[in-house]
Structures are given as structure tokens and as C-alpha cells.
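J.: all I have is the shape, not the residue letters:
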């Protein structure tokens, strides 16, 4: 009788099941690449739900959080500079700014250096809201992070950074 190894006794997940299913359908497919990509996608979905729940308490989406947090870190910005500074995609920046202005979290002001320009800045209400939401967002990130030691966490962060840089150099979104 063969002695069980760590490989044969490890827990499996939905990605393992997906890969096994594809291998049974078409053994020529290189399904092994899904070990990483599939898990990152599944993790992203879990993390998105967790972030959404944390920010819902502040009546805020992640897109709104990103804009407000950028303004909190950087101060007044033109819409163009704000767009360049946010982590998320550009989709609907004007609409997002309109919504944030409507609830009183930002204001648009004339740019004193450009007669046609506009500057976006936080209101006192917006600053209070983003400060509270930031604490919740960082607590959520801590709770969602894997329980790794510092060396493991640093290695994982470096590997993910290398992956992102590789994708960015290819022109991927």
C-alpha cells in the first residue's frame, strides 16, 4: 500500500475540481495555468464582496472610495489628474464626481491657474466620511489577508507585483 504524501492528502478547492474536469474532457489542454489565474479570480471575487460589505456601512462604493481616498492623500486635483491617480479604471469618472458632489462629499472649484479648468476637493463632510471609511477599509484588508508570516507575506507580495508588472508591460488592463 502506498503511503499518503502531502501532495495526495492536500485539500482541494473549486479550482482543482475545474482543472480535473477539463483534463477529463480534453487532456491536451494546458489547464495547469488555471492553478494561479483561477485562484486569483476567485480570490478577487471574495475580496470584492468583503470590501463592498465594509464600505456599504458608509454608503460608499469602491470606486467612490478610491476617488475620495485619492483626494484625501493628494489634496485638490483636476479631474484629469484625479483620473490618472486613482487605482481603478476611468469608467464614468464624471458620473462618479457628480454623485460625490450631489451627496456633498466633494466640490468642484474654478482652477485659478486655468480659466477653463476645474479643481476637485473634499468637503469637510467628505473628509470625515473618507477618514471613517479608510479605517474600515484597512481593517477589512487586515481581516482578509492570509495568515502568513512576514517573510511569506513579503514573498507573495513580490510575486504578485512581478505578475502585475509583467501584465502592465504587455498593455493589459
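T.: Sure thing, it's come through. Keep in mind it's a predicted model, so treat the numbers as computed, not measured.

J.: for residue 54, report the pLDDT, please.
T.: In this model, residue 54 is scored at 96, pLDDT.

J.: likewise for residue 19?
T.: Residue 19 is given a pLDDT of 87.

J.: so how far is residue 40 from it?
T.: 14 Å (CB to CB, to the nearest Å). For glycine as for every other residue, the C-beta is placed from the backbone atoms N, C-alpha and C.

J.: give me the more crowded residue out of these two.
T.: Neighbours were counted for residue 19 and for residue 40 using other CB atoms under 10 Å; residue 19 has more, 18 against 14.

J.: secondary structure element for the more buried one?
T.: Element membership of residue 19 [criterion: DSSP states H and E] is helix 14-25.

J.: okay, buried residues for that helix please.
T.: Neighbour-count burial for helix 14-25 flags 15, 19 (criterion: 16 or more other CB atoms under 10 Å).

J.: excluding sequence neighbours, find me the nearest residue to residue 127.
T.: Excluding the flanking residues, the one nearest residue 127 by CB to CB, 6 or more residues apart in numbering is residue 72, at 6.7 Å.

J.: you'd agree the one you found is up against residue 131?
T.: Yes - assessed by CB atoms under 8 Å, residue 72 is found in contact with residue 131 at 7.3 Å.

J.: what stretches of this protein score poorly on pLDDT?
T.: Counting by pLDDT under 70, the chain has low-confidence residues at 1-9, 87-91, 171-173.

J.: per-domain residue ranges of it.
T.: 12-56, 60-141 (automatic domain parsing).

J.: okay, those in TSV with distance to residue 151 next?
T.: What follows is the domains of the chain, written out as TSV (distance: least, CB to CB, whole Å):
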stretch	distance to residue 151
domain 12-56	20
domain 60-141	19
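
J.: ranking those by burial, who's on top?
T.: Of all those, domain 60-141 has the most neighbours on average by mean count of other CB atoms under 10 Å, namely a mean of 16.

J.: show the end-to-end separation of it, please.
T.: By CA to CA, to the nearest Å, the extent of domain 60-141 from end to end equals 16 Å.
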